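Visitor: Test case, fold it:
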Amino acid sequence: MSLKRSLPAIVILFTNALGATLVIPILPLLALESFGATVLQAILLESSYYGAKLLAAPILGRLSDQYGRRPILILSQAGTFFSFLLFIAALPIGQLIEQALPYSFINGGLLMLYLARMFDGATGGNTTVAKAYITDVTAQEDHAQAFGWLSATLGIGFVIGPAVGGLLASSWGLLSPFYAGAAVSAVALILAWLLLSETRPVDDKTFNKNTLPFWNSFKTVVRQPTFAKILIIGLLSTLCFAALSPTFVLYVNEVIFPGNVDPAEVSRFVGFLYTIVGLTLAITQIAFIKPLVTIVGEQRLVQISQIGMIFSFLLIPIARSPYLFLGLLVPFVIFYAILEPNLQALLAQTGPKEKQGESFGLYQSVLSVSDLLGPLWAGIVFQQISPQAVWWGAAVILLPAMAVAMFLRKPSSDSALKLREGLVQDG
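Guide: Residues are numbered from 1 along each chain as shown. Below is the predicted model of the structure:
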């Protein structure tokens, strides 16, 4: 079955996600305690990652269209490994920078953390290339299931990684998760070298004759109605989801456990919630995506997910009991779990095969914009209005996405042909 050919890319991305998430709970603390960062500087480390990813993802995708998926995946994985080495060496290299530039506006060690994080973000576009790889090796009817497996394995990595990173840091010091991340990234690099086969022959001349300057190519692809709708739905949905993650613990602390509750109790409950969320995502995306697609179809599942998420955003803030909160959270996670794989499956069917890397790169850049802006609007609303207003605000933001989803149609082979012809004519 064609799905088996996508497993090497999925395994490699899982390993990569595990290595990357080992340092998520540690990096801001390391910046504060060991490098003298302010709270704002520590928070902006994550923004620098998404900013670099925003710029790099379409470039990596385009390069994979031109030179093949395998070399770009290996190159980007090598970059992730190198970024961990930069993290580990940040302090001694930073001291050398301070000796050479004693009057710089930022201390050398913190500058190295930013460079390492941006380098990691720039090479983090390998997810984009992996999606193009999966599109190459799976049949059209298997796209949603393959993307479901990819999302599920990444979700599991994001559940396991922070927990293991916290355990390592508490036992062996703040730098230990970075050593572990470097080791895991090295394993992923070796797996990429050994397991990946090229899915796009380098002698394929289709790309070269259709190559356009990036901005012209972007305009040509976005003019395709289905692609534009997918971008809007992905942008607004991620803008909502990215707002929930940084405020989640604060929301539980202030709304579900108000008053002087033991922080350890709150932490245990949040850890339990993350476990349930991860399991729900994995089970939904691994076991139910393909049968649902067979019964309903990708575009209908996108529409159902939008409606379900809006109702969840409206109902969850009503909950005050931990058990009711969990009971309302699980359906929301299910609706979100069916969204991305089906949205990406439709994206894979929208454009010509020779532009898959660039299409996914553009899509990933749009999501990175949402990842940048989501925490910003959520933090303002949480502080200035109320914690519940973040969920209600997300419902309002998602209304236009739902409206667009109602007009979403499954791309036809004719639309891909027209897009290919448009690329040639614009070139």
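Visitor: domain assignment for the protein?
Guide: The chain is divided into the following domains under automatic domain parsing: 1-198, 214-427.
Visitor: and those domains, which is most packed in?
Guide: domain 1-198 (a mean of 20; mean count of other C-beta atoms under 10 Å). Any C-beta I mention is one placed from the backbone N, CA and C, and that applies to glycine too.
Visitor: Grab the nearest non-local neighbour of Gln388.
Guide: With C-beta to C-beta, 6 or more residues apart in numbering as the criterion, Gln388 has its nearest non-adjacent residue at 3.7 Å, and that residue is Pro317.
Visitor: so how far is Ser185 from that neighbour?
Guide: 39 Å (C-beta to C-beta, to the nearest Å).
Visitor: before we move on, what about His143?
Guide: 28 Å.
Visitor: What of Thr21?
Guide: Thr21 is 12 Å from Ser185, by C-beta to C-beta.
Visitor: ditto for Glu46
Guide: From Glu46 to Ser185 the distance is 19 Å (C-beta to C-beta).
Visitor: What are the phi and psi values at Gly173?
Guide: When quoted as degrees, to the nearest 10, the phi and psi of Gly173 stand at phi 110, psi 160.
Visitor: wait, isn't Gly68 in contact with Glu198?
Guide: Yes. Gly68 is within contact range of Glu198, at 5.0 Å (criterion: C-beta atoms under 8 Å).
Visitor: Using the three-state scheme, assign Leu174.
Guide: Put simply, Leu174 is coil when judged by DSSP: H, G, I helix; E, B strand; the rest coil.
Visitor: which ones are touching it?
Guide: The neighbourhood of Leu174, defined by C-beta atoms under 8 Å, 6 or more residues apart in numbering, consists of 26, 29-30, 33-34.
Visitor: and which of these is nearest Phe257?
Guide: Closest approach to Phe257 among these (C-beta to C-beta): Leu29, at 22.7 Å.
Visitor: Mind pulling the model confidence for the residue nearest to Asn253 when sequence neighbours are not counted?
Guide: The spatial neighbour of Asn253 that comes closest, neighbours along the chain excluded (C-beta to C-beta, 6+ apart), is Val266 at 5.2 Å. On the pLDDT scale, Val266 is placed at 70.
Visitor: Pretty sure Val266 sits against Glu254.
Guide: No. Counting by C-beta under 8 Å, Val266 stays clear of Glu254, with 9.9 Å between them.
Visitor: hmm, back to that, if I pick the residue nearest to Gln388, what's in contact with it?
Guide: Counting by C-beta under 8 Å, 6+ apart, Pro317 has contacts 255, 387-388, 391-392.
Visitor: Might you list the low-confidence residue ranges for the stretch 101-250 of the chain?
Guide: 101-106, 124-126, 140, 200-223, 246 (pLDDT under 70).
Visitor: Now do the helices in it.
Guide: 108-123, 126-137, 143-172, 176-195, 206-210, 214-222, 225-251 (DSSP state H, counting those that start in this stretch).
Visitor: Save these as JSON lines, and put in distance to Leu13 too.
Guide: Listed next are those as JSON lines, based on distance: least, C-beta to C-beta, whole Å:
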{"stretch": "helix 108-123", "distance to Leu13": "13"}
{"stretch": "helix 126-137", "distance to Leu13": "5"}
{"stretch": "helix 143-172", "distance to Leu13": "6"}
{"stretch": "helix 176-195", "distance to Leu13": "8"}
{"stretch": "helix 206-210", "distance to Leu13": "24"}
{"stretch": "helix 214-222", "distance to Leu13": "24"}
{"stretch": "helix 225-251", "distance to Leu13": "18"}
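Visitor: out of those helices, nearest to Pro341?
Guide: helix 143-172 (3.9 Å).
Visitor: What is that closest one packed up against?
Guide: helix 7-21, helix 126-137, helix 176-195, helix 263-283, helix 289-295, helix 322-350 (3 or more C-beta pairs under 8 Å, 6 or more residues apart in numbering; DSSP states H and E).
Visitor: of all those, which lies closest to Ile397?
Guide: Here helix 322-350 is closest among those (C-beta to C-beta), at 14.2 Å.
Visitor: what's the next secondary structure element after the closest one?
Guide: Using DSSP states H and E, the helix or strand that follows helix 322-350 in sequence is helix 356-384.
Visitor: Look up the closest residue to Leu329, ignoring the ones flanking it.
Guide: Ile316 (6.5 Å).
Visitor: How about the secondary structure of the one you found?
Guide: helix.
Visitor: between the helices of the stretch 101-250 of the chain, which gets nearest to Ile295?
Guide: helix 143-172 (12.0 Å).
Visitor: next one: the closest one to chain centre, how far?
Guide: 12 Å (C-alpha atoms, centre = their mean, to the nearest Å).
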